[in-house]
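Enquirer: Based on what follows, work out the 3D shape:
(2 chains)
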Amino acid sequence: AQSVTQPDIHITVSEGASLELRCNYSYGATPYLFWYVQSPGQGLQLLLKYFSGDTLVQGIKGFEAEFKRSQSSFNLRKPSVHWSDAAEYFCAVSGGQGFSFIFGKGTRLLVKP
Amino acid sequence: EAGVTQSPTHLIKTRGQQATLRCSPISGHTSVYWYQQALGLGLQFLLWYDEGEERNRGNFPPRFSGRQFPNYSSELNVNALELEDSALYLCASSLRFRVGSEAFFGQGTRLTVV
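Expert: Below is the predicted model of the structure:
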């Protein structure tokens, strides 16, 4: 069965510091992978997606993610965090018989001034 | 182009009542997904509709049900409401089976059961 694990419930970084949010997935074939961001009280906005090709994908707002098949990971990174990046981040996998989107439990990012 | 729209924005119900939540997908999208986002539990997959049929269902009791209409809009019905049903209910839509198509989310309906 498909599953997504985000090991970190909360992460706090200082503004200007680099960021890496972890995501591990379980899926039998090549997955479609996504990162979404949710600001308080809002819906989810797509940051980036991967489904084939270059394993390093670029997204909006300066985010990037790297697909590592050997580690079943799709970690999200940003070189320099801004205060406006404080939000909750969700990793998701899609595909398979059900073709539904399965989300991790999310990582809440706090940004210190 | 209009995004995914959900109504109502907020809904307050009493335990035991029924709630109906509505979702209009992006024009051209045939798939609609429903998720429950309860505090601290992330997004729990509820239902997936496509072309008017239920395609997949998450691990929720039968009192959570829904349907998709010919215009691809969707309703989520929750019967016999319980206090723990209080959550943000998110609807998303996507193109069906298109490689790499992402899900686009609405702003959600905040359901409060008292």
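Enquirer: Mind jotting down where the strands sit in chain B?
Expert: Secondary structure of chain B (DSSP state E): strands located at B:5-7, B:10-13, B:19-24, B:31-37, B:43-50, B:53-57, B:64-68, B:74-78, B:87-94, B:104-105, B:109-113.
Enquirer: before we move on, what about chain A?
Expert: Residue ranges of the strands in chain A, as given by DSSP E, are A:3-5, A:10-14, A:19-21, A:24-26, A:32-38, A:44-50, A:56-58, A:64-68, A:73-78, A:87-95, A:100-103, A:107-112.
Enquirer: mean pLDDT for those strands: which is lowest?
Expert: Among the strands of chain A, strand A:100-103 has the lowest mean pLDDT, at a mean of 80.
Enquirer: Can you name every helix or strand that that one contacts?
Expert: If you count contacts as 3 or more Cβ pairs under 8 Å, 6 or more residues apart in numbering or on different chains; DSSP states H and E, strand A:100-103 packs onto strand A:3-5, strand A:87-95, strand B:31-37, strand B:43-50. C-beta coordinates here come from the backbone N, C-alpha and C atoms, glycine included.
Enquirer: Write out the residues of chain A neighbouring chain B.
Expert: A:32, A:34, A:36, A:42-46, A:49, A:51-52, A:90, A:92, A:94, A:98-106 (Cβ under 8 Å from any Cβ of the partner chain).
Enquirer: so where's chain B shaky on pLDDT?
Expert: Counting by pLDDT under 70, the low-confidence segments of chain B come to B:1, B:97-100.
Enquirer: So which residues on it come close to chain A?
Expert: B:4, B:33, B:35, B:41-43, B:45, B:48, B:55-56, B:90, B:92, B:94, B:96-97, B:99-100, B:102-108.
Enquirer: Could I have the PyMOL command that selects the buried members from those residues?
Expert: Here is the PyMOL selection string for the buried members of these, based on 16 or more other Cβ atoms under 10 Å in any protein chain shown:
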select buried, chain B and resi 4+33+35+42+43+45+48+55+56+90+92+94+102+103+104+105+106+107+108
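Enquirer: ok, back up a step: most neighbours per residue, which of the strands of chain A?
Expert: Mean neighbour count (mean count of other Cβ atoms under 10 Å in any protein chain shown) peaks for strand A:100-103 among those, with a mean of 25.
Enquirer: which residue does chain A bring closest to chain B?
Expert: A:K105 (3.4 Å; Cβ to the nearest Cβ).
Enquirer: ok, that residue to B:I12 distance?
Expert: Remark: distance between A:K105 and B:I12 (Cβ to Cβ, to the nearest Å) = 27 Å.
Enquirer: who's more crowded, the two?
Expert: Using other Cβ atoms under 10 Å in any protein chain shown, the more surrounded residue of A:K105 and B:I12 is A:K105, with 18 against 13.
Enquirer: And that one, what's its pLDDT?
Expert: In the prediction, the pLDDT value recorded for A:K105 is 91.
Enquirer: Tell me which residues touch the residue nearest to it when sequence neighbours are not counted, please.
Expert: Distance criterion Cβ to Cβ, 6 or more residues apart in numbering or on different chains; nearest residue to A:K105, sequence neighbours excluded, is B:G42 at 3.4 Å. Applying Cβ atoms under 8 Å, 6 or more residues apart in numbering or on different chains, we find B:G42 in contact with A:F90, A:F103, A:G104, A:K105, A:G106.
Enquirer: wait, the last one sits on A:A92?
Expert: Just to be clear, that refers to A:G106. No: at 10.3 Å, A:G106 does not count as touching A:A92 under the criterion of Cβ atoms under 8 Å.
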